[in-house]
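Q: My questions are about this predicted structure, shown below with the sequence.
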Amino acid sequence: MQIGIDKIGFSTSSLYLDLVELAEARGVDPNKYLIGIGQAKQAVIAPTQDIVTMGASAAAQILTETEKAKITTVIVATESGIDNSKASAIYVKTLLGLDDFVRTIEFKEACYAGTAAIQAAKGLVSANPDEQVLVIAADIARYGLNTPGEVTQGGGAVAMLVKANPRILTIENPSVPITRDVMDFWRPLGATEAIVDGKYSTNVYIEMFLDAFKRYQQLTNDQLTDFTALAFHLPFTKMGKKALEALLGEDHSAIAEQLRAQLTASQQLNREVGNLYTGSLYLSLISLLANGNVKAGDKLGLFSYGSGAEGEFYPVKLQPGFENAFSSQQIEANLANRTKVSVTEYESIFNSQLGMNTADISLNIDADPNQFVLAGIQDQKRIYQIQS
Ligand code: CAA
């Protein structure tokens, strides 16, 4: 049985920060951010948005009522959960209007959990072909004001429907997971910002990518020429370039140049949004499908990475007619319609979210154009609303 991604969509906040303005405010050459880091804009998550509202929006954009009725499992993969106990997938299930006969769970392992959710979804479908699994990879990346990681913040959600006989791509074997116990990025209980050893984290990422890819080649005898493109977890777009260049070295063959060009295509959407942790690889996949030189039958290699650290390299195969099952127009229009906030406004929004998870609050939802919003917190219960 062929199993894979049947539909894919993306949603983020309606606010963004121009990173040239952030560079000026921080006294940094803008080219450090634009070229050195490879980011142009960063999603600023409005107080009325979180992983639940963005995840529900991403799913609502791609699912018909008939498809919703067939969903058997919802998995939300996230680093930025909203409760220590209750799964965010339960709130998503309610906002989407799914019926009660559905399994709802949350997966965690930093930025990697989206891939764990995809592989678990594949397992569920292979055990029972009637399973249709909604995988949501949603996060808000926060490092803190005036930190080196500040320019690599962002947020958003990617929703994917995993089922038998998928229209977009099949998830192929072998997949190569890799785990090493390292402290490159973590977030102690109660902390709203990550602790990160930034340079070390980039080195661990590269080492684990090279080791996973080498093992994949040992298992398959596949060469670079077997892939049309490689797509990467992109905490910032330069990270994908670092990893690809570590693999290619001084190779300027036709396939090496092709992989470089496809990487550029896969970075486009991420440059505008920033890091969305679990969703970053899959936003990059959308960007590749929309902007890359790909066709049905092509094999793509995906590298997922989550600090702590866990990675996975796995191949996928594009299906005939995949371009009809997927559209980036809505995503691009939503990004183009975002409202720019000043550095001062961004700082004020950022500070207002410190500790917001525990205090009761009523939020102004009038300014938020998104369909799903967080209206406030009462008695430590999150209150979500659907706007028409
Ligand atoms: N023009 C062009 N480039 C410039 C420049 C200029 N004027 N000034 C500086 N640069 C370049 C530097 O040469 C450097 O390039 P290389 O990395 O290719 O050497 C780049 O800009 C970054 O500059 P610094 O070396 O000074 O690095 P920094 O102190 O600004 O920190 C960072 C960069 C470590 C990535 C930091 O932003 C960070 O800690 N980010 C968060 C951690 C992260 O994203 N890690 C990624 C791996 S972990 C992961 O993937 C999981 C996850 O999502 C968190």
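A: Sure thing, it's come through.
Q: which ones are touching Lys68?
A: 96-98 (C-beta atoms under 8 Å, 6 or more residues apart in numbering). Using the backbone N, CA and C atoms, a C-beta is placed for each residue, glycine as well.
Q: Need the pLDDT of whatever residue of the stretch 51-200 of the chain ends up closest to the ligand.
A: Per C-beta to the nearest ligand atom, Gly198 is where the stretch 51-200 of the chain lies closest to the ligand, at 2.1 Å. Note on Gly198: pLDDT of 96.
Q: and what of Ser388?
A: With respect to pLDDT, Ser388 scores 84.
Q: tell me what the strand or helix carrying Leu285 is packed against?
A: Element membership of Leu285, judged by DSSP states H and E, is helix 280-291. With contacts defined as 3 or more C-beta pairs under 8 Å, 6 or more residues apart in numbering; DSSP states H and E, helix 280-291 has these neighbours: strand 3-11, helix 113-127, strand 154-164, strand 229-232, helix 254-273, strand 299-306, helix 329-336.
Q: Reformat these as JSON lines; add distance to the ligand.
A: Output for those, formatted as JSON lines (distance: least, C-beta to the nearest ligand atom, whole Å):
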{"stretch": "strand 3-11", "distance to the ligand": "17"}
{"stretch": "helix 113-127", "distance to the ligand": "11"}
{"stretch": "strand 154-164", "distance to the ligand": "10"}
{"stretch": "strand 229-232", "distance to the ligand": "9"}
{"stretch": "helix 254-273", "distance to the ligand": "11"}
{"stretch": "strand 299-306", "distance to the ligand": "5"}
{"stretch": "helix 329-336", "distance to the ligand": "20"}
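Q: Please identify the deepest-packed of those.
A: strand 154-164 (a mean of 28; mean count of other C-beta atoms under 10 Å).
Q: Give me the distance from that strand to the chain's centre.
A: 8 Å (C-alpha atoms, centre = their mean, to the nearest Å).
Q: what do you get for stretch 55-63?
A: Counting by C-alpha atoms, centre = their mean, stretch 55-63 comes out at 14 Å from the chain centroid.
Q: Next: stretch 361-376.
A: 23 Å.
Q: so what's Leu354 scoring on pLDDT?
A: Reported pLDDT for Leu354: 70.
Q: since we're on it, how many residues are nearby?
A: Neighbour count of Leu354, defined by other C-beta atoms under 10 Å: 11.
Q: Kindly report the same for Ile171.
A: The tally of other residues near Ile171 (other C-beta under 10 Å) stands at 21.
Q: Now it: closest residue in space, sequence neighbours ignored.
A: Spatial nearest neighbour of Ile171, chain neighbours left out: Gly4 (4.7 Å); criterion: C-beta to C-beta, 6 or more residues apart in numbering.
Q: pretty sure the one you found is touching Pro166, no?
A: Yes. With contact defined as C-beta atoms under 8 Å, Gly4 counts as touching Pro166 (3.8 Å).
Q: Show me whatever sits in contact with both of these two.
A: By C-beta under 8 Å, 6+ apart, the residues touching both Gly4 and Pro166 are Gln319.
Q: Glu310 versus the residue nearest to Ile171, what's the distance?
A: 22 Å (C-beta to C-beta, to the nearest Å).
Q: Just the buried residues of stretch 78-98, please?
A: Within stretch 78-98, the residues scored as buried using 16 or more other C-beta atoms under 10 Å are 78-82, 87-93, 95-96, 98.
Q: brain fart, stretch 60-73
A: 60-63, 67-68, 71-73.
Q: Helices - which of those land there?
A: Among these, the residues falling in helices (DSSP state H) are 60-62, 67-68.
Q: and the angle for the longest helix anywhere in the chain with strand 299-306?
A: In the chain, with assignment by DSSP H, the single longest helix is helix 198-220. Put simply, helix 198-220 runs at 140 degrees to strand 299-306, going by axes from the mean of the first three to the mean of the last three C-alpha atoms, to 10 degrees.
Q: List of residues touching helix 198-220?
A: Outside helix 198-220, the residues within contact range by C-beta under 8 Å, 6+ apart are 148-149, 174, 176-178, 180, 182, 184-185, 222-223, 232-233, 239, 242-243, 246-247, 301, 303, 305, 307, 309, 311-313, 315.
Q: tally of neighbours for the residue of the stretch 251-388 of the chain found nearest the ligand?
A: Closest to the ligand within the stretch 251-388 of the chain is Ser307: 4.4 Å, counting by C-beta to the nearest ligand atom. Using other C-beta under 10 Å, Ser307 has 25 neighbouring residues.
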